[in-house]
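**Student:** after the sequence you'll find the predicted model.
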Amino acid sequence: MESFKLRAGEEFIRLGQVLKAAGFVESGAEAKEVIQDGLVTVNGETETRRGRKLHPGDIASYEGREIEIS
């Protein structure tokens, strides 16, 4: 499992942003597509909102890769 550390002062990151920042997808458009297609889970549940706020402790998964927000 990979880890994504929020910047100092940040309380959350949006799902689409973390998929792109972690290299799970190449672009925001691709992130939007895979999320809307129901291919991404957050904490084990399918998530279709790319604007979903992820907080420390949340785990996002896509194509067998996981990333935990810290």
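**Tutor:** Structure's in. What do you need?

**Student:** ok, now which ones touch Ser70?
**Tutor:** Contacts for Ser70 (C-beta atoms under 8 Å, 6 or more residues apart in numbering) come out as Ser3, Phe4, Lys5, Leu6, Pro56, Gly57. Using the backbone N, CA and C atoms, a C-beta is placed for each residue, glycine as well.

**Student:** what about the second one, neighbour count?
**Tutor:** Other residues near Phe4 number 18, with proximity taken as other C-beta atoms under 10 Å.

**Student:** partner residues bridging it?
**Tutor:** Ile69 (DSSP bridges).

**Student:** wait, isn't it in contact with Gln17?
**Tutor:** No: using C-beta atoms under 8 Å, Phe4 makes no contact with Gln17, being 9.7 Å away.

**Student:** for this structure, which segments count as helices?
**Tutor:** Secondary structure of the chain (DSSP state H): helices located at 15-21, 28-36.

**Student:** tell me the spacing between the most centrally placed residue in the chain and Glu30.
**Tutor:** Note on the chain: the residue nearest the mean C-alpha position is Leu15, at 3.7 Å, using C-alpha atoms, centre = their mean. To Glu30, Leu15 is 13 Å away according to C-beta to C-beta, to the nearest Å.
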